[in-house]
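Engineer: Quick one, structure for this:
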Amino acid sequence: MNKTRARIFIVLLLLAMLDLQPAAANPVKAPQQVVYPRPESAHDSRYLYDWEVLRTALEKTRARFGPYELREASQYMSPARVTAEAAGSGSINVFVRATSVQLEQQFRPVRIPVDRGLIGYRLLLVRHEDLPRFAEVKSLDQLRRFSIGQGKGWVDVGILQAGGFKVVEGNNYDGLFPMLEVKRFDALSRSVDEALSEYDEWHKRFGFEVEPGVALYYPLARYFFTRRDADGEALATRLEAGLESMVQDGSLQALFMTYKGPLIKRSGLARRRLFRIPNPDLPPQTPLARSELWYRPQELAGKR
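Structural biologist: The predicted structure follows:
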């Protein structure tokens, strides 16, 4: 080997060594594992929007926080199972739920309402033959004469009871609709988007209707929750950054309108008699003062 070739060989060898040094000093970051619950049953489509928000928040933070792997848990989960799995070292590390003081003490909340507080606007699923009875409702006291169905352990149970309503709890989500049919309660209270989606999916089988004139409101937020440990805090910090970015660039509202807008329009929410009750279990840290985070019925009033 002549001197020129030797010099070239040495230079190339040094360059190769320099290229290897950053890789050794900065190894490729392992993807952050994010596992969310499978719903209660194959018929349960309530969370499709939430997981799309979750995916978008993770994607918007990829440059800052690194890669991620997002997947659904392998087994169907009741709300109680979700809480148990998330509290321990179970198969999920994030879930979405209506908040309460107790829930925020147990888990780390990401305090940006995923559905912009729409869950607090409630419509009633009722039997067809009872529509005339509900048409006569002109006051909150008249509405309180009807018993309300809810799922066992839902945060709405305590809110409705504190508001003076008789509440009948069902053991599982799918069972609430036959309970309405056989008159275990008078009305099933659901958020605006849930009521219309469930009407489309279940009314031919069970014969219920979306009551057309009344709506109930209480302030409530659905958040993403993580564990209260180092990994949970890291995930919550990332989700906060992603959701704040979505709020600022309008993508959270855009997703909300894509998934929820058509159902809100169908509901005629802005035209309904709206009765309000307080939420005594609303945590004081709820960001009610940030108006950009919350849906108001007037947003779609002029877009019918």
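Engineer: Downstream of the lowest-mean-pLDDT helix or strand in the chain, the next helix or strand is which one?
Structural biologist: Across the helices and strands of the chain, mean confidence by mean pLDDT, DSSP states H and E is lowest for helix 3-25: a mean of 47. Using DSSP states H and E, the helix or strand that directly follows helix 3-25 along the chain is strand 32-38.
Engineer: Now do the buried residues in the helix or strand following that next one.
Structural biologist: Heading C-terminal from strand 32-38, the first helix or strand you meet, by DSSP H and E, is helix 48-60. For helix 48-60, a neighbour-count test (16 or more other Cβ atoms under 10 Å) marks Y49, D50, W51, V53, L54, T56, A57, L58, K60 as buried. For glycine as for every other residue, the C-beta is placed from the backbone atoms N, C-alpha and C.
Engineer: Repeat that for stretch 159-171.
Structural biologist: I159, L160, G163, F165, V167, V168, E169, G170.
Engineer: ok, back up a step: output the buried residues of helix 48-60 as CSV; include the columns distance to Q105.
Structural biologist: Compiled in CSV, the buried residues of helix 48-60 are given as follows (distance: Cβ to Cβ, whole Å):
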residue, distance to Q105
Y49, 27
D50, 22
W51, 25
V53, 24
L54, 23
T56, 28
A57, 24
L58, 26
K60, 29
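Engineer: What segments of the stretch 151-300 of the chain are helices?
Structural biologist: 155-162, 176-181, 192-206, 230-249, 251-267 (DSSP state H, counting those that start in this stretch).
Engineer: now for these, which one comes closest to Y218?
Structural biologist: helix 155-162 (5.4 Å; Cβ to Cβ).
Engineer: and that closest one, what's its mean pLDDT?
Structural biologist: Regarding helix 155-162, the rounded mean pLDDT is 96.
Engineer: which strands and helices sit next to it?
Structural biologist: Helix 155-162 sits against strand 95-98, strand 148-151, strand 167-170, with contacts defined as 3 or more Cβ pairs under 8 Å, 6 or more residues apart in numbering; DSSP states H and E.
Engineer: Okay, now the unreliable bits of the stretch 151-300 of the chain?
Structural biologist: Counting by pLDDT under 70, the ranges of the stretch 151-300 of the chain that qualify are 299-300.
Engineer: before we move on, what about the stretch 1-150 of the chain?
Structural biologist: Using pLDDT under 70, the stretch 1-150 of the chain drops low at 1-28, 41, 43-44.
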